[in-house]
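K.L.:
how would this look folded up:
(2 chains)
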Amino acid sequence: DAGVIQSPRHEVTEMGQEVTLRCKPISGHNSLFWYRQTMMRGLELLIYFNNNVPIDDSGMPEDRFSAKMPNASFSTLKIQPSEPRDSAVYFCASSLVGINYGYTFGSGTRLTVV
Amino acid sequence: EDQVTQSPEALRLQEGESSSLNCSYTVSGLRGLFWYRQDPGKGPEFLFTLYSAGEEKEKERLKATLTKKESFLHITAPKPEDSATYLCAVQARQAGTALIFGKGTTLSVSS
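P.N.:
This is a model prediction of the structure:
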């Protein structure tokens, strides 16, 4: 199993540009989570999906952020327009609903907005 | 509001010097408490899940314990390869399956 796959690993973009982060969860997992990690705030939940349906997006900072999960094997997190304060590491994680053995995280996307 | 606080923020140990990391939590009904390890440039890696007060889990030099208000991660005779950031997270019943994380404790073990 290749684990949770995120792309790109690093992204540097200019303020105002659109950024799209991608995630492929582990096959068979039916929950998918997007987290953002910064030194100041630690790991913050942005949004999560169960069976491709968004369940809680209360962590999405503002309307500039949007996430989709068109099928069980793919999800995107989009920021439009991007701002310097969006600079962080964005993690995707997947798990099985109702099973408490923890999430499996991807390696993250380091986003830098200049 | 559900909250997780970890202490200390950073801990430096000599190889073989045992110690404990603390995770204090406030949650409206605990479904589970999780410990993760995170190495630089990588995503968090799952270590343990604890479900009820009094429960203990062990893995190599690590032992996690749980009370009604906090959890401890005990590190016995640590080695340099134990150096990492250790994250604690809680899963509240009403939040469904989403984990709420603390900011972590960064452990450095020198030989």
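
K.L.:
So which residues on chain A come close to chain B?
P.N.:
A:4, A:31, A:33, A:35, A:41-45, A:48, A:50, A:55-56, A:91, A:93, A:95, A:97-98, A:100-108 (C-beta under 8 Å from any C-beta of the partner chain). (Each C-beta comes from the backbone N, C-alpha and C, glycine too.)

K.L.:
can you rerun that using 7 Å?
P.N.:
Within chain A, the positions near chain B by C-beta under 7 Å from any C-beta of the partner chain are A:31, A:33, A:42-43, A:45, A:48, A:55-56, A:91, A:95, A:97, A:100-103, A:105-108.

K.L.:
taking those residues one by one, which sit in strands?
P.N.:
By the criterion of DSSP state E, membership of the residues of chain A next to chain B in strands covers A:31, A:33, A:42, A:43, A:45, A:48, A:55, A:56, A:91, A:95, A:105.

K.L.:
Which parts of chain B are strands?
P.N.:
B:3-7, B:10-14, B:19-26, B:30-38, B:45-50, B:56-59, B:62-66, B:70-75, B:84-92, B:99-101, B:105-110.

K.L.:
could you dump the ones you listed to JSON lines with distance to chain A, mean pLDDT and mean neighbour count?
P.N.:
Output for the strands of chain B, formatted as JSON lines (distance: least, C-beta to the nearest C-beta, whole Å; pLDDT from 0 to 100; neighbours: other C-beta atoms under 10 Å in any protein chain shown):
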{"stretch": "strand B:3-7", "distance to chain A": "9", "mean pLDDT": "95", "mean neighbour count": "16"}
{"stretch": "strand B:10-14", "distance to chain A": "12", "mean pLDDT": "97", "mean neighbour count": "13"}
{"stretch": "strand B:19-26", "distance to chain A": "13", "mean pLDDT": "97", "mean neighbour count": "18"}
{"stretch": "strand B:30-38", "distance to chain A": "5", "mean pLDDT": "94", "mean neighbour count": "21"}
{"stretch": "strand B:45-50", "distance to chain A": "4", "mean pLDDT": "94", "mean neighbour count": "19"}
{"stretch": "strand B:56-59", "distance to chain A": "12", "mean pLDDT": "96", "mean neighbour count": "13"}
{"stretch": "strand B:62-66", "distance to chain A": "12", "mean pLDDT": "98", "mean neighbour count": "20"}
{"stretch": "strand B:70-75", "distance to chain A": "14", "mean pLDDT": "98", "mean neighbour count": "19"}
{"stretch": "strand B:84-92", "distance to chain A": "7", "mean pLDDT": "94", "mean neighbour count": "23"}
{"stretch": "strand B:99-101", "distance to chain A": "4", "mean pLDDT": "92", "mean neighbour count": "23"}
{"stretch": "strand B:105-110", "distance to chain A": "11", "mean pLDDT": "98", "mean neighbour count": "17"}
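
K.L.:
Of those strands, which is nearest residue A:83?
P.N.:
strand B:99-101 (23.6 Å; C-beta to C-beta).

K.L.:
Give me the contact list for the closest one.
P.N.:
A:42, A:43, A:103, B:2, B:4, B:34, B:87, B:89, B:90, B:91 (C-beta atoms under 7 Å, 6 or more residues apart in numbering or on different chains).
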